[in-house]
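> with the input below, show me the fold.
(chains A and B)
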Amino acid sequence: MQSVWALLSFGPEGWGDDLAHGVLVTVSLALVTLPLGLLIGYLIALAKQSSEPSMRLAGNIYTTIFRGLPELLTLFLVFYGAQIGIQQLVRLVRPDAVVEINSFVAGMIALGAVFSSYASEVLLSAFRAIPRGQYEGGYSIGLSQRQTMRLVILPQLIRIALPGLSNLWLILLKETALVSAVGLTDIVRQSSIAARVTKHAFMFFGVACLIYLALAIISSFGINAIERWVGKREAQR
Amino acid sequence: MSTTSEPTAKALRPPAPPRGWSSERLMGWGFVGLWIVLGLALVTYLFSAWNPELFAKYAPSYLSGLRVTLTLVAISTVLGAVLSLPICYARMSKNRVLNAISFGYVYFFRGTPLLAQTFLIYYGFGSFRPQLEAIGLWSFFREAWYCAVFAFALNTAAYQAEILRGAIESVGKGQWEAASALGLSKLQTLYKVVLPQALIVALRPYGNEIILMIKGSAIVAIITVYDLMGETRRAFSRTFDFQTYLWAALLYLSLVETLRHFIDWIERRITRHLHR
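Sure, this is the predicted structure:
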């Protein structure tokens, strides 16, 4: 029986490099999804706090759908749905084409949709925490609507929404585990392969859990640093 | 003396400014129109792809899948609620050791993906087959269904312990002191004074936790439990018909929405005394 350290070592014998590759995939998927989800979430939040009822309705429909569906089902809908849809479009031109959707992109779209619908709720409540006087103040000193948003509202919005958003980031990090179901070689998939080959299932899945814990701890250090930085800028005023 | 002031002219409210078709309004209706088109496309697709044979074959299995999902969530939520009580107690106790253990438990189960936990229990415990056989637990951990219930109960216990702790701590300290001044024991205070107030705070997080469990339960399909998601995957792998996934999406969406409105209704009812 091989020792635990030999199994986890880097090199042709050990699985360390495979797991490291899995960590890279997980982290890069989460990091790519974050800006996408934040941008869409911001736009949805703007729509939901608009004075125009039709805007609010459209935003609420988006949130209801992507918060109500299981993340795994959303992922399959995107993965197979996009595959079938694009395939049918391509077959109009070339009847024998076979389309394969990249599972990384499918994961990014599905997780981004789920993340944005939760983020829009966080940002919406942050928008509501900013008093109307801030907009009026911006207007009275001659700022345009866009300038008011960028210079007055956004800095406060970020500070208020930061705890909620960092919570969502930790959830996103955990949700990336689902992409292993559509064949992306993330942490969970790599440790499944290692477990099947070496028959040390408990150890490899335990290591996978510990890696996720380590990622969560590293992120909370990062979040604390951002919070301090945002707080310091506030104190300087 | 002067007469009472008579309104010389009737104060008229200025007419409301005309609501023109601003660009925002146009865009809003554009988006709503997009949703309507998507909804109609979904309905026409499901209508055109309607296949009585398929429906007769798979509708019963979808229903049984829905039952499995609901049973799984119900059992693990109740077990988790029971398990969360000692964890919550340990989390709030002043004992260092209890505190550290419960903190570690909660941190582990909240910091790792439910999928990894489920794999750890279903595949990982297989590594200890001889030991588990020796103590007679192997027949339990051999079954994917029991492993799923076990993993989900442990996971939700961690979340529910935190919900309960937050709710109890949200009740002011003065409530405890007042009850103790009245001569109530600690347990009486908890049941008669603190919990009735804490549960109002906890209702919404508990509801969210149940909804998260329903959504999270889809992953048991990966470890071959035939819940709603599992039946859907089986139907899709046999027919390659995309409508199988769309039906599952509609079922999940209506389930979650029903539950959400039900929780809203309960919350409105139990906070009636707070509204004026």
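> and the longest helix belonging to chain B, what does it pack onto?
Using DSSP state H to define each element, chain B has its longest helix at helix B:52-92. Counting by 3 or more C-beta pairs under 8 Å, 6 or more residues apart in numbering or on different chains; DSSP states H and E, the packing neighbours recorded for helix B:52-92 are helix B:96-111, helix B:144-170, helix B:195-216, helix B:228-239, helix B:243-270. All C-beta spots, glycine's among them, are computed from the backbone N, C-alpha and C.
> average pLDDT for that helix?
The average pLDDT within helix B:52-92 is 93.
> now the angle between helix B:96-111 and that helix, please.
160 degrees (axes from the mean of the first three to the mean of the last three C-alpha atoms, to 10 degrees).
> for the stretch 101-250 of chain B, what lies in contact range of chain A?
B:107-108, B:111-117, B:119-120, B:123-128, B:214-219, B:221-222, B:229, B:232-233, B:236, B:242, B:245-246, B:248-249 (C-beta under 8 Å from any C-beta of the partner chain).
> of those residues, keep whichever come out buried.
Listed as buried from these are B:108, B:111-117, B:119-120, B:123-128, B:214-219, B:221-222, B:229, B:232-233, B:236, B:242, B:245-246, B:248-249; burial here means 16 or more other C-beta atoms under 10 Å in any protein chain shown.
> what comes up buried for the lowest-mean-pLDDT helix or strand in chain A?
Lowest by mean pLDDT, DSSP states H and E among the helices and strands of chain A is helix A:4-8, with a mean of 74. Residues A:Leu7, A:Leu8 are the ones in helix A:4-8 that count as buried (16+ other C-beta under 10 Å).
> likewise stretch B:259-276?
B:Leu259, B:Arg260, B:Ile263.
> what about it, average pLDDT?
Mean predicted confidence for stretch B:259-276 is 88.
> now do the SS call for residue 184.
The chain I'm using is chain A. Classification of A:Leu184 using DSSP: H, G, I helix; E, B strand; the rest coil returns coil.
> actually it's chain B I care about, not the one you picked
Look at B:Leu184: counting by three-state DSSP, its state is coil.
> pretty sure it is in contact with B:Val193, am I right?
Yes: counting by C-beta atoms under 8 Å, B:Val193 is a contact partner of B:Leu184 at 7.2 Å.
> off-centre distance for the longest helix along chain A?
As assigned by DSSP H, the longest helix anywhere in chain A is helix A:201-236. Helix A:201-236 has its C-alpha centroid displaced from the chain centroid by 15 Å (C-alpha atoms, centre = their mean, to the nearest Å).
> helix B:96-111 and that one, what's the angle between them?
90 degrees.
> do helix A:201-236 and chain B meet?
Yes: shown here: helix A:201-236 in contact with chain B (C-beta under 8 Å from any C-beta) through A:Ala201, A:Phe202, A:Met203, A:Phe205, A:Gly206, A:Ala208, A:Cys209, A:Tyr212, A:Leu213, A:Ala216, A:Ile217.
> list the buried residues in that helix.
A:201-209, A:211-212, A:215-216, A:219, A:223.
> just stretch A:114-127 next, same as before
So, applying 16+ other C-beta under 10 Å, buried residues of stretch A:114-127: A:114-124, A:126-127.
> from these, which are also near chain B?
Answer for these near chain B: none qualify (C-beta under 8 Å from any C-beta).
> which two of those residues have the greatest separation?
Greatest spacing in these, by C-beta to C-beta: A:Val114 and A:Phe127 (20.7 Å).
> tell me where chain A is predicted with low confidence.
Along chain A, segments meeting pLDDT under 70 span A:1-2, A:234-237.
> quick one, helices of it?
For chain A, the helices defined by DSSP H cover A:4-8, A:16-48, A:53-68, A:71-93, A:103-129, A:132-140, A:145-147, A:154-175, A:187-198, A:201-236.
> max pairwise distance over the residues of helix A:201-236 next to chain B: which two?
Pairwise distances among the residues of helix A:201-236 next to chain B were taken by C-beta to C-beta; the largest, 24.6 Å, belongs to A:Ala201 and A:Ile217.
> ok, now which ones touch A:Leu24?
With contact set as C-beta atoms under 8 Å, 6 or more residues apart in numbering or on different chains, A:Leu24 has no partners.
> same question, B:Ile75
Residues in contact with B:Ile75 (C-beta under 8 Å, 6+ apart) are B:Val149, B:Ala153.
> next one: A:Ala97
With contact set as C-beta under 8 Å, 6+ apart, A:Ala97 has these partners: A:Gln87, A:Val90, A:Arg91.
> hang on, the first one packs against A:Val99?
Yes: contact status for A:Gln87 versus A:Val99: in contact at 4.3 Å, counting by C-beta under 8 Å.
> closest one to B:Leu132 among the helices of chain A?
Per C-beta to C-beta, nearest to B:Leu132 of the helices of chain A: helix A:201-236, 11.3 Å.
> by contact count, what packs against that closest one?
Using 3+ C-beta pairs under 8 Å, 6+ apart, helix A:201-236 sits against helix A:4-8, helix A:16-48, helix A:154-175, helix A:187-198, helix B:96-111, helix B:114-122.
> just put the ones you listed in JSON lines and tack on distance to B:Arg276.
Compiled in JSON lines, the helices and strands packed on helix A:201-236 are given as follows (distance: least, C-beta to C-beta, whole Å):
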{"stretch": "helix A:4-8", "distance to B:Arg276": "63"}
{"stretch": "helix A:16-48", "distance to B:Arg276": "27"}
{"stretch": "helix A:154-175", "distance to B:Arg276": "28"}
{"stretch": "helix A:187-198", "distance to B:Arg276": "51"}
{"stretch": "helix B:96-111", "distance to B:Arg276": "38"}
{"stretch": "helix B:114-122", "distance to B:Arg276": "42"}
